[in-house]
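One predicted model, sequence on top.
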Amino acid sequence: MRTYPAAPLRSSVIILVLISLLFTAAALTAFIEKAGNDLLVEVRQADSRRLRQEAFSALEVTLAVLEDFRQADSGLHATNEGWADPLGWAGWTPSEGRTVDVAFQDESGKIPLRRADLTTLTNLFEFWQMAPADAEKLADAIEGWMQNGYVYATALTTDYQDADIPYAEPERPMRSFAELAAIDVAKEAFFDENGLPNENYWRFVNDVSVFNFPQPNVNGANVDVMAAAGQYTEAQAQHIADFLAGNGQFAQQGQNWFQSASTLTTVAGVGGNANAFGTTITALRITITVHDGRSQYRLSAIVSPQGGATLNQTNATNATSAAATASASTTATSPLTNSTQPSSTASGTAAAAAASQSINYPFTLLQMLEDDEIPQSPPPVVPPS
């Protein structure tokens, strides 16, 4: 007589097989996902390497065009001079299937933080609609961080020595906006509860510069800078903007640019301080974007023409604070050559300057950032309708 296995035993085997298949499928899925992510990273890096050379070629062409205009017009003043499309001007085209965009921002159109006094910063923050007392206190905190032997003008009491790792004001000009996170009052004004830059931070970055130059270039200054540095009203700032863009009463003249303080006084009208502004670009941010299908590579370089802006290289007065703010240091000045390597470190500044003189290169590289290194402000929040 034939016997058969018990039904429960057969069911147990089936369950074990199904569980094994489930774990195998989960492991295989995880492996495929990881392999896919690794492959995407490799593809992106390969795309960057391919497009990087194109970006640096476009940058060199752009600088050559800028130098032509600089020599012809005794300095660069504004894109209205005709160099807004340098690649088109030079007749340069990228490799087949690629497109290259070039954008400019006049870094010297901002307030040089090194030279901004308490009044200028207070004016700036009041124009942001801060209460006068809050504006002065914030400006006071920033000035106290940067100046040697500064005596606070407000009833501000810093607590740097009470931090988990005590530190002191470096008493030298800021080299990076990251330092704001260490400054009393400023860290609450420019960062949210999670320590992330807020709207005030990005506005401050757009209004002031950590590079060293004498005055803002009026041709690249925004309304905030006009109000803070020149005490111009919004109506006067609009007249200035109309003159530059060739709008309103200046429509017949077309786009223009200022070449003297006397012209600025005439256009702005009564009031304001035209002598607070220059008319020449001393630091220019150039952003190159290379597109190849869905792939993209971005390069941001801030360059200074001969005799233009420099880095803030003053050492911290307080030795203990120098170590506390070392992470906020910026890249050093170096001449731009045909090399596609990033800018040199601070230790190579002297050698870079000597090399610049030896090859008579017309621009000095103040900063260079690539792709993810380029900070981008978050998009504005659109209120619900």
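That came through, no problem. Numbers count the residues shown, from 1 in each chain.

So in the protein, which helix runs the longest?
Taking DSSP state H as the criterion, the chain has its longest helix at helix 7-72.

Output whichever helix or strand comes after that one as PDB, nothing but the C-alphas.
Using DSSP states H and E, the helix or strand that follows helix 7-72 in sequence is helix 86-90. C-alpha atoms of helix 86-90 as PDB (Å, rounded to 0.1, in the frame of the first residue of the first chain):
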ATOM      1  CA  PRO A  86      31.400  87.700 -26.400                       C
ATOM      2  CA  LEU A  87      31.300  84.400 -28.200                       C
ATOM      3  CA  GLY A  88      29.100  85.800 -31.000                       C
ATOM      4  CA  TRP A  89      31.400  88.800 -31.200                       C
ATOM      5  CA  ALA A  90      34.400  86.600 -31.600                       C
END
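
by contact count, what packs against the helix or strand just after helix 86-90?
Using DSSP H and E, the next helix or strand after helix 86-90 towards the C-terminus is strand 98-106. For strand 98-106, the elements it packs on are helix 7-72, helix 86-90, strand 284-292, judged by 3 or more C-beta pairs under 8 Å, 6 or more residues apart in numbering; DSSP states H and E. For the C-beta atoms, the positions are set from N, CA and C on the backbone; glycine is no exception.

Make TSV from those and add distance to residue 222 and mean pLDDT to it.
As requested, those are exported to TSV (distance: least, C-beta to C-beta, whole Å; pLDDT from 0 to 100):
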stretch	distance to residue 222	mean pLDDT
helix 7-72	22	79
helix 86-90	23	96
strand 284-292	14	96
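
between these, which gets nearest to residue 128?
With C-beta to C-beta as the measure, strand 284-292 is the member of the helices and strands packed on strand 98-106 nearest residue 128 (22.6 Å).

Mind listing what's buried along the helix or strand following that closest one?
Counting by DSSP H and E, the element after strand 284-292 in chain order, helix or strand, is strand 295-305. Of all the residues in strand 295-305, those buried under the rule 16 or more other C-beta atoms under 10 Å are 297, 298, 299, 300, 301, 302, 303, 304, 305.

For the fourth one, give its distance to residue 365.
The one in question is residue 300. 11 Å (C-beta to C-beta, to the nearest Å).

Then the second one?
Counting by C-beta to C-beta, the separation of residue 298 from residue 365 is 17 Å.

just to revisit the earlier point, which one of the buried residues of strand 295-305 sits closest to residue 111?
Using C-beta to C-beta, residue 302 comes nearest to residue 111 of those, at 15.9 Å.

who's that closest one bridged to?
residue 285, residue 367 (DSSP bridges).

quick one, what contacts it?
Listed by C-beta atoms under 8 Å, 6 or more residues apart in numbering, the contact partners of residue 302 are 107, 211, 283, 284, 285, 286, 365, 366, 367, 368.

Any of these buried? List them.
Here, 16+ other C-beta under 10 Å leaves 107, 211, 283, 284, 285, 286, 365, 366, 367, 368 buried among those.

thought the first one was touching residue 300?
No - under the criterion of C-beta atoms under 8 Å, residue 107 makes no contact with residue 300, lying 10.8 Å away.

Next, show the common contact partners of these two.
Residues touching both residue 107 and residue 300 by C-beta under 8 Å, 6+ apart: residue 285.

hmm, back to that, ok, which of the helices and strands packed on strand 98-106 comes nearest residue 189?
Judging the helices and strands packed on strand 98-106 by C-beta to C-beta, what sits closest to residue 189 is strand 284-292, at 24.6 Å.

Export the closest one to CSV, keeping only CA atoms.
The C-alpha coordinates for strand 284-292 follow below in CSV (Å, rounded to 0.1, in the frame of the first residue of the first chain):
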residue,chain,number,x,y,z
LEU,A,284,33.5,90.6,-12.9
ARG,A,285,31.7,87.3,-12.4
ILE,A,286,31.5,85.2,-15.6
THR,A,287,29.3,82.1,-15.6
ILE,A,288,29.8,79.6,-18.5
THR,A,289,27.1,76.9,-19.0
VAL,A,290,27.8,74.2,-21.6
HIS,A,291,24.8,72.1,-22.8
ASP,A,292,25.0,68.8,-24.6
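
name the helices or strands packed onto it?
Going by 3+ C-beta pairs under 8 Å, 6+ apart, strand 284-292 lies up against helix 7-72, strand 98-106, strand 295-305.

To residue 85, which of the ones you listed lies closest?
strand 98-106 (7.3 Å).

Pull out the buried residues from the closest one.
Buried positions in strand 98-106, judged by neighbour count with 16+ other C-beta under 10 Å: 98, 100, 102, 104, 105, 106.

ok, now which ones touch the second one?
Read it as residue 100. By C-beta under 8 Å, 6+ apart, residue 100 lies in contact with 54, 55, 58, 87, 94, 288, 289, 290, 291.

Most neighbours of all those residues, which one?
residue 290 (26 neighbours; other C-beta atoms under 10 Å).

What score does residue 315 have for pLDDT?
You'll see residue 315 listed with a pLDDT of 70.

which stretches of the stretch 251-385 of the chain form helices?
For the stretch 251-385 of the chain, the helices defined by DSSP state H, counting those that start in this stretch cover 261-268, 319-324, 349-359.

weakest of those in terms of mean pLDDT?
Taking the mean pLDDT of the helices of the stretch 251-385 of the chain, helix 319-324 comes last: a mean of 50.

Residue 126 versus residue 237, what's the distance?
In terms of C-beta to C-beta, residue 237 sits 15 Å off from residue 126.

what about the two, which has more around it?
More neighbours surround residue 237 than the other of residue 237 and residue 126, with 20 against 17 (other C-beta under 10 Å).

If you count contacts, what does the helix or strand that one falls within end up packed against?
Assigned by DSSP H and E, residue 237 belongs to helix 234-245. Helix 234-245 sits against helix 223-230, helix 261-268, with contacts defined as 3+ C-beta pairs under 8 Å, 6+ apart.
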